Structure formats: C-alpha cells, structure tokens
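**Student:** Need the 3D shape of this:
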Amino acid sequence: MRRLPFGFLLLLFAFGCGDDDAPDADAGTTRDAGGRDAAMADASLPDGGSPPDAPLPFDAGPLREVSITSDITRVQPMTGIVLWEESWNGDAIKTSDAIALEYAYVQPSSIVTARDTYDWSGFDAFLDRIAGRGHQAVVRFYYVYPGEETAVPDYLKALPDYDETVGSTEGMRTVFPDWTHDELRRVHLQFYERFAARYDEDARIAFLQTGFGLWGEYHIYDGPRVIGETFPSEAFQAEFVRHLDAQFDTLHWSLSIDAAADEYSPFANDAALRALDFGLFDDSFMHEEHAGYNEASWNFFEHGTRYERSPHGGELSYYSDFDQEHALDAAGLYGRTYEELSARFHVSYMIGNDQPEHQTDARIREAGLANGYKFEVLSFRVGDAISVVEVRNFGVAPIYYDAFVAVNGVRSAQSLKGLLPGQVGVFTVAAGGDDPSLTIESERLVAGRRIEFRARL
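**Tutor:** Got it, this is the predicted structure:
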C-alpha cells in the first residue's frame, strides 16, 4: 500500500553537514503559491519574471543568486499523448520529443504457460523495445476483446468444468470467461501478485491499467453481461481491488471510470473501497456528451482530490470518426479544447494512437505538453556548502514518482512528488560552490530521459 507525503506543509528533514553553524535541515517546504504571490499560481507566469525572496526556516548564511536559463523542450516523462507500441514504428513521431509513453493490451495467456508457471520473456522484450526508444509503458491486461477468443491461460481452458460463454459484441463473435470457476479467480489474483513482485519498481512501466469486461474497461456494454458468470461478482471485484492495493508499493494502477456503474460494480456501496489509492482512465475523452455520463463517473470517484495521489489518463474518443479527427484541434471540439478538458480532470496522459493521421507532430507535442506536471525554478541561491532552490509546479497534475532537486549530483532529501499544480516548494541541498549545476533527478526514468524545468534567472 502506498503512503504518499502529501500536504500543504512538508516537514524539513535533518542532514549532517559537519558544521555546527550549518542548517539543521535538508529537504523542502511547500505552500500554495497563491498564499504568497497570486501571480505564482498562474501557469502563464511570464518567463523572466522576478519571484519574491523565499523565506527560510533557518539561517543559511550568505547565499548568492545564481543566474540560470532553462526550457522545457520536450513532453515530460510519464506524460502526454500516448501511441501504441506496435504503431508508427519507423515514423519520426515515434521517437520525437512529442512522445514519452507507449501503450499495449497484453494477454495473460501469453505469460501464464501452465498452472503456477510464468514466462515473462516476451513481456520483458516488449518493455525493452519501448525503453529502447526512450519511452515508458502504459499496460493493460485483458481477457475479452471483441471478435476474439478469451486471453484466459490455456491450461485453465482445458479443465473439463471450465465453461466459457460465446456471445456477440459489436456484431462479432466474442468469447467471455467463466468467472464461476474457482481456478480463474485464483490465478487472476496470483497473476497480479507475481506481476507486482517482478515489476513494482521497474522504471520501464509508467502506469498499469486494469479492469474486467471488454478490453478490461470495466463494462460489457454489448454482449452477455451476467454478474458472477461472464463478469466477476461484486464480492470478487472488491477482493481484487483490495488485493492490488496490498501488492503495489510504487507502481501506480488505475481503473476505468466505468467502475462507477452501480448495477454491476461494488464501489457505490463501499466507501472504503473508493478510498483506496487508484487512478482513473476515461476511454472516451473529448466525445460530444462527455459532460454527462463521463463527468458524472469522474465525479463519483472525486477526481478533484484523487488526482493528488493517483494519476488520471484515458483515450481519445472513438465514438465517431469525427471525434478522432478533431479531438486535438487547437480550436477545440464540441465547445472545449483538449487543454481545457485536460486541466479540468488533471490528466497526465492520453492514448491518441490515431492522431498522427489527423494532426501535425507539433500539435501532438503541444497537446502532450498540456498534460501532467511541469516545473519552474523560481530562485536558485547558493553558498559554499548549501543551495536553496524554489520550484513551482505549473502543470495540471503532480509527478507521481519520486524526483529530486539536485545540485552537483547531490539530491535534496525531500521529493518533488506531491507538489500540486500552483504549489511552490523550497528545497535545500547539501551542495553548492562556485560553479553549481542544477538538475532534477529520478530513479523512475529510462535511459535517455530527463526531467526538464523552466527558469529565467
């Protein structure tokens, strides 16, 4: 279970400097930007602005202001428009600075080769291909895909008392798992336990999506939905979600907003289940009637505070070809722009695999830059053995993994994780000197990626 250091005040942590006159703390404080300077809470703060002096809770000794100029030149890690791993390979967009994430549906049957027997080699190769392009993966495991057999492991299908249901979805023959079977429920829990043990700390994976039904999107809107048979019982759904919460300490996992449906989901009657730290994904973002069902589902899960601890994402609407063609139009679609809706729901990432057909690489990059976190260094003050750095998040969401202000490779004890949009953090680092180098570092990055920041000092 994840324990995140959120709050409007983050305590200072002690560090040893070897000098009795040195400060007794190294980390950071955070505060709402609006409480000190209303302009600093505005994401449109002009470059070159002069932020006010940051008050310190200790005497840091003489510090000098350091001039630094830096820009955010590419979509930041773990944010932006997402392309499928199997698509656009060989096209410039796939390795351009417009893309940081790649997505894939993955079949459990490709990994579970026999009872209690797992082969992760193909999955690792898939992650390596993505990481080799300097990207990270968004992954969703599924059992049901319209027009296909199930992705239930073959050994289980071979059991004489395992009985799948053949139905029709979107006019195609579609097969559904047998959720009455004890072994399917057992291996389903085991699968995620094994996955977490192997990949919880793996930087190649940014986010996990999970669920039941068609595409794992937590619904069977067309086809034989029988609770406890073709779709898990509410009791098992609740057991599974609690199981995920227990398994993952680091990797963030998300459920579809369709889990809000009270006719087949346990969340409506279980406040403790809703309180768990899972993110949300919306598979019809930007469609014409998004303000109806979709927004009600987002509201059900209290998205306005959930985003503070768990990531929000989704996929651009396939309700119509028109939606796909115009979802990222700079002028907007159905009376709102992608940037506006992303800010409203604090979106970190959005699957938009068809967008290279409809938008320029520059526009995809621009849309991706509207997602997730973005950091600005407001001041950088340095002494002989200490630096004080003031950072503002001018994005629409926090960063969900640890990242640290670093000077000359020495990191602040306090993470940037949890710095909310509009918040300012003051971070002290036990390093300084005449020629200080300022970076933001994280273990949750793949080779070739870095977290950038804006600065005009």
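**Student:** how about the strands in the stretch 51-200 of the chain?
**Tutor:** With strands called from DSSP state E, counting those that start in this stretch, the stretch 51-200 of the chain shows them at 64-65, 69-70, 80-84, 101-106, 112-114, 117-118, 136-141, 165-169, 172-176.
**Student:** Please tabulate the ones you listed in TSV and include distance to Pro398 as additional columns.
**Tutor:** Any C-beta I mention is one placed from the backbone N, CA and C, and that applies to glycine too. Putting the strands of the stretch 51-200 of the chain into TSV (distance: least, C-beta to C-beta, whole Å) gives the following:
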stretch	distance to Pro398
strand 64-65	27
strand 69-70	20
strand 80-84	15
strand 101-106	17
strand 112-114	35
strand 117-118	33
strand 136-141	17
strand 165-169	37
strand 172-176	38
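**Student:** Make a markdown table from these and add mean neighbour count, mean pLDDT and distance to Gly352 to it.
**Tutor:** Shown next, in a markdown table, are the strands of the stretch 51-200 of the chain (neighbours: other C-beta atoms under 10 Å; pLDDT from 0 to 100; distance: least, C-beta to C-beta, whole Å):
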| stretch | mean neighbour count | mean pLDDT | distance to Gly352 |
| --- | --- | --- | --- |
| strand 64-65 | 11 | 96 | 42 |
| strand 69-70 | 13 | 98 | 28 |
| strand 80-84 | 26 | 98 | 4 |
| strand 101-106 | 22 | 97 | 10 |
| strand 112-114 | 15 | 98 | 31 |
| strand 117-118 | 14 | 98 | 32 |
| strand 136-141 | 24 | 98 | 12 |
| strand 165-169 | 16 | 97 | 24 |
| strand 172-176 | 19 | 98 | 24 |
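**Student:** Of those strands, which is nearest Tyr373?
**Tutor:** strand 80-84 (11.2 Å; C-beta to C-beta).
**Student:** what packs against the closest one?
**Tutor:** Applying 3 or more C-beta pairs under 8 Å, 6 or more residues apart in numbering; DSSP states H and E, one finds that strand 80-84 contacts strand 101-106, strand 349-351, helix 361-368.
**Student:** what's the closest of those to Tyr118?
**Tutor:** Among the helices and strands packed on strand 80-84, strand 101-106 sits nearest to Tyr118 (C-beta to C-beta), with 12.9 Å.
**Student:** Which other helices and strands does that closest one contact?
**Tutor:** Here strand 101-106 touches strand 80-84, helix 121-132, strand 136-141, going by 3+ C-beta pairs under 8 Å, 6+ apart.
**Student:** As a markdown table, these with distance to Phe285 would be great.
**Tutor:** Formatted as a markdown table, the helices and strands packed on strand 101-106 follow (distance: least, C-beta to C-beta, whole Å):
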| stretch | distance to Phe285 |
| --- | --- |
| strand 80-84 | 11 |
| helix 121-132 | 22 |
| strand 136-141 | 14 |
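**Student:** Contact partners for Val187?
**Tutor:** 112, 115, 153, 156 (C-beta atoms under 8 Å, 6 or more residues apart in numbering).
**Student:** And Asp202, by the same measure?
**Tutor:** By C-beta under 8 Å, 6+ apart, the residues touching Asp202 are 127, 251.
**Student:** if I've got this straight, it is in a strand?
**Tutor:** No - going by DSSP: H, G, I helix; E, B strand; the rest coil, the assignment for Asp202 is coil, not a strand.
**Student:** So that it lines up with my notes, have the first residue be 340 from now on.
**Tutor:** From this message on, residue numbering opens at 340, which makes the last subject Asp541.
**Student:** Need the per-residue pLDDT for it.
**Tutor:** We have a pLDDT of 98 for Asp541.
**Student:** buried sites along stretch 647-661?
**Tutor:** Buried residues in stretch 647-661, defined by neighbour count with 16 or more other C-beta atoms under 10 Å: 647-656.
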